[in-house]
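Engineer: predicted structure and sequence below. I'll ask about it afterward.
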Amino acid sequence: MKFTALKNGGDWLAISGAVFTAIGLGTSAAQAHGFVGDRFFPPTIQTDDPFAVDELAFPTVTAFQNPGETDVSFSFSKEIFPKFALAFFETYVNLAPEGMPSVGGFDNLSLNAKYQLLENVPHEAIFSVGLDWDVGGTGAKKIGADSANLFTPTIYFGKGFGDLPDALKYARPFALTGTVGEELPTRADPNNLDWGFALEYNLPYLQSQVKDIGLPEPFKHMIPVVEFAFSTPENRGGGPTSGTINPGILYENNYFQIGAEAIIPANSDSGSQVGAVFQIQIYIDDIWPKLFGHPVFGE
Amino acid sequence: MKTNLIQRWPLICALFLVLQSPAWAHAFLDHSDPTVGSTVTNSPREVKIWFTQELEPAFSSVQVQEAQGKEVDKKDVHLDEKNKSLLIVSLPKLVPGTYTVNWHVVSVDTHRMQGHFEFTIK
């Protein structure tokens, strides 16, 4: 498949539909998404989670007010072999600078391969490796899509704190996930170290594993989270570290997760405008267990 | 017209799959008796766990262990006759102490889940 052909929404939708249907042809036993032992790690919004599983996020809407920008994203991940998944990510960007006509278009297509290298069930820990590829030239130049490829080898980790002693049992619902990736541009741009992490307090975990404190709906299905996403230039005059701090809430349902976070600049080098992001994560392995939740090849 | 159909085809396809597929999901623990992390004054006669989905009885189990890890339940795990999402195991009269409930279940769509919690008898 030549992804450079994906230059407009029609082609992109048609091809994504073909992928969707082709995946539906293979079925076998279902397996869980985002679990290490007793611990469920929810998919986070700003930092990729460490799981190589079937995931569908649509839409992810990101908005900033001044200058105006609204992004609508779609991402899909499919486990191809056990613990190995391929994913693609696409964003439609609409820019509306003050006093100027708005302009919109698709950003570069992003592809990802990820492998879950290690899992430690008693310690609720996971470690994965992967590679991101922002495919240069697949996006619209009018919204500033880069013509050069960008490769980012990345490590992913997750750690739940269910192994804390009894004296700290109310800290057991905490979990930390994160990523560290080295951007490798294919032209003379700065190399950046992309790093981020998400700290969450899993109220469903508290209710079902530690102490049923009688939380009512909808709170018993909520996970407060703070995500931190940073980029540190390493050379070629790339400037200081910049990034965002993103506090928010994830709400878990049997079939989907709804998430909303604020986007707050972490320092003066990260800009001054506050934004917001909203996402629906569809648990496709629950809605279509015969189609998703298992690798295409192998068990 | 043809272009519109091609563009909308994946959405039509997704809608078709939604309509065709029965919706199932992972079986999460909803609540239990004794409740998770609770302290009770009398030895309970059984442990009941309500899940969010119906379970496969052949692949679903509950073990109640005392502090040293010895299983103390009557090993008669079964689903409630009227409620296939309620898993039950009987207990003998237990002495005061802290007990751990370990559960492994498979929901009717074959999703595996596991978990554990404690309760204390005063």
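Structural biologist: Nice, I can see it.
Engineer: got the phi and psi for the closest residue to B:Pro92 other than its chain neighbours?
Structural biologist: Among residues not flanking B:Pro92 along the chain, B:Lys74 sits closest, at 6.4 Å (C-beta to C-beta, 6 or more residues apart in numbering or on different chains). Where you see a C-beta, it was placed from the backbone N, CA and C, and this is true even at glycine. In terms of degrees, to the nearest 10, the main-chain angles of B:Lys74 are phi -90, psi 10.
Engineer: next helix or strand past the helix or strand of chain A with the lowest mean pLDDT?
Structural biologist: Between all helices and strands in chain A, the lowest mean by mean pLDDT, DSSP states H and E belongs to helix A:9-23, at a mean of 36. Next helix or strand after helix A:9-23 toward the C-terminus (DSSP states H and E): strand A:35-36.
Engineer: what about stretch A:206-215, how long is it end to end?
Structural biologist: 10 Å (C-alpha to C-alpha, to the nearest Å).
Engineer: still on that earlier bit, looking at the residue nearest to B:Pro92 now. What's its pLDDT?
Structural biologist: You'll see B:Lys74 listed with a pLDDT of 97.
Engineer: same deal with A:Ala29?
Structural biologist: 37.
Engineer: spit out the contact partners of whichever residue of the stretch 51-200 of chain A sits closest to chain B.
Structural biologist: Of all residues in the stretch 51-200 of chain A, the one sitting closest to chain B is A:Lys169 (7.9 Å; C-beta to the nearest C-beta). A:Lys169 is in contact with A:210-211, B:37, counting by C-beta atoms under 8 Å, 6 or more residues apart in numbering or on different chains.
Engineer: and with 10 Å instead?
Structural biologist: A:Lys169 is in contact with A:161-162, A:206, A:209-211, B:37, B:118, counting by C-beta atoms under 10 Å, 6 or more residues apart in numbering or on different chains.
Engineer: how about the residue most central in space within chain A, what does it touch?
Structural biologist: Centroid check for chain A by C-alpha atoms, centre = their mean gives A:Asp48 as the closest residue, at 3.6 Å. By C-beta under 10 Å, 6+ apart, A:Asp48 lies in contact with A:55, A:75, A:77, A:87, A:89, A:112, A:114, A:128, A:130, A:132, A:154, A:156, A:177-179, A:181, A:196, A:198.
Engineer: try it again with 6 Å
Structural biologist: A:Asp48 is in contact with A:Thr179, counting by C-beta atoms under 6 Å, 6 or more residues apart in numbering or on different chains.
Engineer: point out where chain B drops to low pLDDT.
Structural biologist: The model of chain B has pLDDT under 70 over residues B:1-24.
Engineer: for the residue nearest the centre of it, which residues make a bridge with it?
Structural biologist: The centre of chain B sits closest to B:Phe51, judged by C-alpha atoms, centre = their mean, with a distance of 4.1 Å. B:Phe51 forms beta bridges with B:Leu29, as assigned by DSSP bridges.
Engineer: and what of the one 10 residues further on?
Structural biologist: With beta bridges defined as DSSP bridges, B:Ser61 has these partners: B:His104.
Engineer: just give the number of residues close to it.
Structural biologist: Neighbours of B:Ser61 under the rule other C-beta atoms under 10 Å in any protein chain shown: 16.
Engineer: right, I'll call it a day here.
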